[in-house]
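Engineer: When you get a sec, could you give me coordinates for this:
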Amino acid sequence: MNLLPCEIVETKATNIDACVIWLHGLGASGHDFVPVVPELHLPETMGVRFIFPHAPAIPVTVNGGMVMPAWYDILTMAGAERQLDTAQLMASVDAVAALIANQREQGIASERIVLAGFSQGGAVAYPLALSYPEPLAGLMTMSTYFPTSETLVPSAANARLPIHVFHGSRDPVVPESMGLAAVTALEKLGFTPSYKSYSMGHEVCLAQIQAISQWLQDVLKTD
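Structural biologist: Coordinates of the predicted model:
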């Protein structure tokens, strides 16, 4: 499998021993969250490689068949349950899993790899992180939902995976109720996610970036 094209940003530390793979949302690109990295103000001693993959361009049904970057096709957005192309979603899961494998081949331990996803990216990050056969450092989802919660088979290796869910209380694209439903689904699967909402729409705010920074420092700290 050819690896997804990515934007890669590394902190200034000389020893890169951790990785954050961060997935963008529908119609966006790997460039979207690159500017967030310096705003995290991570300690200079943290050696972290941020990887921002680009989703392939595909026709998206809910957008009139327009071709745009997407991790999977959305067939309808009617009601709380969105109809989507699950096969495409799982193909994206496999493509991102290949990025994890590539980082492990470069010497990054699975326990030092964080998966993050915004909107569609979060919907891909959920099944990948929760079913990954080796322990990961953490899962962070933003303004997203958990469409594969009913079919997911969790991995014992990540039964205690640190999970942080962020959402906007005024999100018109993915209503907060969908983020809260994801938290409930996680709890039913035996996970103990943290949840934080902000008075914002389908976006990321400064207070959230500060919280993300602290969370990353917590899950990637070394004794």
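Engineer: average pLDDT for the longest helix seen in the chain?
Structural biologist: If you go by DSSP state H, the chain has its longest helix at helix 86-105. In this model, helix 86-105 has a mean pLDDT of 98.
Engineer: who's in contact with the next helix or strand after that helix?
Structural biologist: Downstream of helix 86-105, the first helix or strand assigned by DSSP states H and E is strand 113-118. The contact list for strand 113-118, computed with C-beta atoms under 8 Å, 6 or more residues apart in numbering, reads 18-25, 28, 32-33, 96, 100, 103-104, 123-126, 128-129, 136-144, 204, 216, 219-220. For the C-beta atoms, the positions are set from N, CA and C on the backbone; glycine is no exception.
Engineer: are any of those buried, and which?
Structural biologist: 18-25, 28, 32-33, 96, 100, 103, 123-126, 128-129, 136-144, 204, 216, 219-220 (16 or more other C-beta atoms under 10 Å).
Engineer: Can you give me the buried ones in the longest helix of the chain?
Structural biologist: Those would be Gln88, Leu89, Met90, Ser92, Val93, Ala95, Val96, Ala97, Leu99, Ile100, Gln103, for helix 86-105 by 16+ other C-beta under 10 Å.
Engineer: In the chain, where is pLDDT below threshold?
Structural biologist: The model of the chain has pLDDT under 70 over residues 1, 78-81, 223.
Engineer: That one: helices as residue ranges?
Structural biologist: Using DSSP H, helices in the chain cover 36-40, 86-105, 120-131, 176-188, 206-219.
Engineer: Just the closest of the buried residues of helix 86-105 to Pro43, please.
Structural biologist: Gln103 (21.1 Å; C-beta to C-beta).
Engineer: list the contacts for the closest one?
Structural biologist: By C-beta under 8 Å, 6+ apart, the neighbours of Gln103 are Cys19, Ile21, Arg49, Ile51, Ile113.
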